[in-house]
Structures are given as C-alpha cells and as structure tokens.
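> pasted the sequence and its predicted model underneath.
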Amino acid sequence: MSTTTIVDGTAHAAIASACQDVRDAVEADHVDGVPAAVVARPTSTEQVSEVLRATDAHGLTVVATGRRTKLTWGRPPTSADVLLDLSGLDQVLEHAAGDLIVVTQAGARLSDVQETVSTSRQLLAVDETVPGSSIGGTLAAATSGPGRVAAGTMRDLLIGLTVVRADGVIAKSGGRVVKNVAGYDVGKLVAGSFGTLAVITEALFRLHPLPATRRWVTLPFDDAAEAHRLTQSVLHAQCVAGAVEVDWPADNPGTLGILLAGNDDGVAGRTSTVLSLLGSDAHEDDVAPAGWSTYPWDPTATGDDRSIALKLTFALSGLPDILAAARNTGTPVALRGSAGAGVVYAAIPSGTDVAEASATVEALRPVCMRHGGSLVVLDAPAAIKQAVDTWGPIPAIDLMRRVKDQFDPDHRLAPGRFVGGI
C-alpha cells in the first residue's frame, strides 16, 4: 500500500489560510489504507473553494468525505494527500414547505434532513441504507433502498447542485423550483462518481408529502421462479406498491416484502389486493420487516472484518436467475434489495479466502451482464480488492475518461477510486 504522504510547510500553510480547522492526519484518517497527510474541515462552499485552490496550486490530491460511512467503498485511491472533511457543512439551509423543496449542505446527515422536513409532514424520499450517512456521500455513492421503486433515486429528486471543481472554481446547476430542471445532467454525472469529478457542497431536492399510513405485506418463499412470478403480479396490479423487496439469506427461505403507503382508505384497499395476490401465507404489519432498508452486511466493520459487499443490477426478468446463481456459487451469499427495480445487494462473509471470493464474483457477474446489468464490488478487505476486478467491464469507459479529464484534468480528486482507475 502507499507510503506515508508528506505535505510541505508551504502547502500546509496555504491550506490553513483557507480553512481554520486544519490538522495533521492520523491513522484513523487513512482512506482505505492509503495515508493522508492533512485533514481540512471547511464550513462553507467558499472555504471548500479556497482549500481546493490551495491544493491545486501545490499539486496535491484530495479525497472528500462527509461522515466516513462509505470511505472504503470503491478502489483505494492512488493518492490522498488531503482528506477534505465535509462534516462541517452540516446545515439545512432552507426548507420551503410550500414549494416542496429543501436546500442542504453536503455534510448534513440524511436523518437530520428528514427530521427537519418531517415537521411539515414531508420527506426526502431517500432511504438511509447506511446509518449516519451524509447527503453528499449518499449522492456521490448513489446508494438507494426500497423507496426507489416509487420515488426513484436521490439523483432523480435532485433539482439543483453546487459543486467545487478541483481547481477551486464553484459551479452551480439547476433551479429553485420543481419545474426548473436546467443543469440536471450535471447531477447525473456527479451522482455515483465517488467524488472523482467535483466536490458536492450544497444540494436542492424535491420533497414528497409524508404518507399518513404505511403497511407491509410479507411472504416467505423457497422457489426463485415463484418469487419472480409474484413480484411481477404485484408490479402489474393496481396496487401502486411503494417498494417490492426481496430478502434471500444464504441458507434460509427468502422473504418477499411489499410496502403500501398513502392515505388510510387507499392503503387498506391496496393491502387487500396484495394479500389476495400473494395468497394465504402472506402476512401484513404496520412495522417494517427485519432488515428493511439495510444492506446484508455490517457497515461498521473495518479492515479484514469487512464482508465482501456487492451491488448487482439486472433487468427485472433476471431476478430468478440472480437468486438461483447466488445459491449455486457454493459460497454462502446473502442477498437483499429491490426486486421491483432490479438492484440488489449481496454479502460474501468476512474471512472468505481470496480464491473463493474471486470465484464467486466471477460466477455472479456474467449472470448480471446477461440480464443487461452489472456487478460492482463496493467494499472488501484489501486482499480481495487487489485480486478482483472491482467495477467489471464498463462499455462507456472512454467517454467516462473524457468526462473526468474535462472536470478534473490533473486527476486531483480521489484518483484511481472509480472505474478504470479514474
């Protein structure tokens, strides 16, 4: 792994003049094993800009982080001279309840934003799949949960965005009302880029009314094909499911989970419809089933104690093949996610040796690709990341490299962390 990073006194002083909260990095500030030299904690977009102007002038690399909940996701960066800690940008800047919008800084916790907007019976329709996640980190890593079936992803709710380029230039896109979506493509580019294109500092989102009632209907299943048939019957029925989830443990029966949300009468009627579709073994509750809106691994684990965390995408018709493949690898693979959106997450247990983990990834990835999707190794112990292709084949890699070169021509931001070494 990388050797100790050194930032000379002149560069350190330049960063310190841009941001009052600057300190030398310690081992806890390493980025997936790559040491940083300096940690800067700005509190505004302007301070982020000044820090990046300083790092650009001194040829330093930068990795931005919000709450450090996903700092080990992706590939380890090739260099991380400065860790840009955005937890100081933690404010909800505006909540215009009448316009159904919220403006928040990137370091604000998603849970805090939800608490703020809930006072007006509203919500940002994004699931907190990793506890403690920031707004910026959730957007940069493109995480999603059960609610994407009805509301889309965080990127789909994005109306406006403020980012800072590697050279310190502040760029804004989008508008302040829902119908103004100018610059939306910038959000599409930055979302899921793992901080390699620009540093997100503020975001403007469209909100939804908080539903009066939520009901969950669950059904145990053993047969992957039957789970697919039932999923399709729910998706094509007039029940407007808020989520259609599958939980497929490594060695136990699976569970199909359906969320119905809305007003009392509407939810009651739609719940009845779903129960009739799923049969007598289905069960309804006003409490979410175990594991709902969480990934099938421990997000607090570190180092070699981490599970091998996978993200699998596929066309909806591929669900039975994905479930069957997970059981047929010979490795205990736990799988959970959106059967209604074709995005599921899988965990290979910590302690799995490199050869077995590699073989499991190589067995599952072609199944995803055959159904128009992909498999990404989100997180894993260092030895596993070194042995497997984290991102897999990327058809548009040349275009992505050109985008990187346009946004960050000197490759200062999280170099090597994203696909193809971007």
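Arrived safely. Remember, predicted model here, so these are calculated numbers, not experimental data.

> please enumerate the helices of the stretch 1-150 of the chain.
For the stretch 1-150 of the chain, the helices defined by DSSP state H, counting those that start in this stretch occupy 9-18, 45-57, 110-118, 135-141, 148-151.

> out of the ones you listed, deepest packed?
Of all the helices of the stretch 1-150 of the chain, helix 135-141 carries the top mean neighbour count, a mean of 28, counting by mean count of other Cβ atoms under 10 Å. C-beta here means a position set from N, CA and C on the backbone, and glycine is covered the same way.

> other SSEs contacting that helix?
With contacts taken as 3 or more Cβ pairs under 8 Å, 6 or more residues apart in numbering; DSSP states H and E, helix 135-141 sits against strand 62-65, helix 110-118, helix 154-157, strand 199-206.

> pull the distance from it to the chain's centre.
Relative to its chain's centre, helix 135-141 lies at 6 Å (Cα atoms, centre = their mean, to the nearest Å).

> who's in contact with it?
With Cβ atoms under 8 Å, 6 or more residues apart in numbering as the test, helix 135-141 has contacts from 64-67, 69-70, 73, 86, 89, 104-110, 113, 126, 128, 130, 154-155, 158, 190-195, 200-201, 203.

> okay, and G269 sits in which element?
Per DSSP states H and E: G269 is located in helix 264-278.

> helices or strands up against the helix or strand following that helix?
Counting by DSSP H and E, the next helix or strand C-terminal to helix 264-278 is strand 283-285. If you count contacts as 3+ Cβ pairs under 8 Å, 6+ apart, strand 283-285 packs onto strand 213-221.

> ok, back up a step: now do the buried residues in the helix holding G269.
Buried residues in helix 264-278, counted by 16 or more other Cβ atoms under 10 Å: 266-267, 270-271, 273-275, 277-278.

> V377: which of these is nearest?
When these are ranked by distance to V377 (Cβ to Cβ), L278 comes first, at 33.7 Å.

> OK, contacts around A243?
A243 sits next to 146-147, 149-150, 257-259, 338, 340 when contact means Cβ under 8 Å, 6+ apart.

> how about V164?
Contacts of V164 by Cβ under 8 Å, 6+ apart are 45, 48-49, 52, 170-171, 198-199, 201.

> coming back round to it: dump the helix holding G269 to PDB, restricted to CA.
What follows is helix 264-278 as a C-alpha-only set of coordinates in PDB (Å, rounded to 0.1, in the frame of the first residue of the first chain):
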ATOM      1  CA  ASP A 264     -55.700   5.200   5.300                       C
ATOM      2  CA  ASP A 265     -58.500   4.100   2.900                       C
ATOM      3  CA  GLY A 266     -56.300   3.700  -0.100                       C
ATOM      4  CA  VAL A 267     -53.700   1.700   1.800                       C
ATOM      5  CA  ALA A 268     -56.300  -0.600   3.200                       C
ATOM      6  CA  GLY A 269     -57.700  -1.400  -0.200                       C
ATOM      7  CA  ARG A 270     -54.300  -1.900  -1.800                       C
ATOM      8  CA  THR A 271     -53.100  -4.000   1.000                       C
ATOM      9  CA  SER A 272     -56.100  -6.300   0.500                       C
ATOM     10  CA  THR A 273     -55.300  -6.500  -3.200                       C
ATOM     11  CA  VAL A 274     -51.700  -7.600  -2.400                       C
ATOM     12  CA  LEU A 275     -52.800 -10.100   0.200                       C
ATOM     13  CA  SER A 276     -55.100 -11.700  -2.400                       C
ATOM     14  CA  LEU A 277     -52.300 -11.800  -4.900                       C
ATOM     15  CA  LEU A 278     -49.700 -13.400  -2.600                       C
END
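
> now that helix against strand 213-221, angle please.
Helix 264-278 and strand 213-221 meet at an angle of 10 degrees, taking axes from the mean of the first three to the mean of the last three Cα atoms, to 10 degrees as the criterion.

> which one of the contacts of A243 is nearest to C368?
Among the contacts of A243, S338 lies closest to C368 (Cβ to Cβ), at 14.2 Å.

> what's the burial count for V26?
By the criterion of other Cβ atoms under 10 Å, V26 has 10 neighbours.

> any idea how far it lies from G340?
44 Å (Cβ to Cβ, to the nearest Å).

> now swap in T153 and tell me
13 Å.

> same deal with P381?
Per Cβ to Cβ, P381 is found 32 Å from G340.

> also H411?
Distance, H411 to G340, using Cβ to Cβ: 38 Å.

> between the two, who's got more neighbours?
Remark: of H411 and G340, G340 carries more neighbours, 24 against 17, as counted by other Cβ under 10 Å.

> does the more buried one touch G242 like I think?
No. Using Cβ atoms under 8 Å as the test, G340 is too far from G242 to be in contact (9.5 Å).

> now list whatever residues contact both of those two.
Here G340 and G242 have V149 as joint contacts, going by Cβ under 8 Å, 6+ apart.

> switch the helices and strands packed on helix 135-141 over to a markdown table; also include mean pLDDT.
Shown next, in a markdown table, are the helices and strands packed on helix 135-141 (pLDDT from 0 to 100):
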| stretch | mean pLDDT |
| --- | --- |
| strand 62-65 | 99 |
| helix 110-118 | 99 |
| helix 154-157 | 96 |
| strand 199-206 | 98 |
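
> compare these and give me the one nearest D223.
Taking those one by one with Cβ to Cβ, helix 154-157 is closest: 32.9 Å.

> name the nearest residue to G174, sequence neighbours excluded.
G160 (3.0 Å; Cβ to Cβ, 6 or more residues apart in numbering).

> how near is the one you found to V117?
16 Å.

> host element of the nearest residue to L204 once chain neighbours are set aside?
Closest residue to L204 apart from its sequence neighbours, by Cβ to Cβ, 6+ apart: G160 at 3.5 Å. Using DSSP H and E, G160 sits in strand 158-164.

> can I get whichever helix or strand comes after that strand in CSV? Just the C-alpha atoms.
Beyond strand 158-164 in the direction of the C-terminus, DSSP H and E gives the next helix or strand as strand 170-174. Below are the C-alpha coordinates for strand 170-174, written out as CSV (Å, rounded to 0.1, in the frame of the first residue of the first chain):
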residue,chain,number,x,y,z
ILE,A,170,-17.5,27.0,-7.8
ALA,A,171,-20.2,25.7,-10.3
LYS,A,172,-23.9,25.7,-9.8
SER,A,173,-26.7,23.9,-11.8
GLY,A,174,-30.4,23.6,-11.6
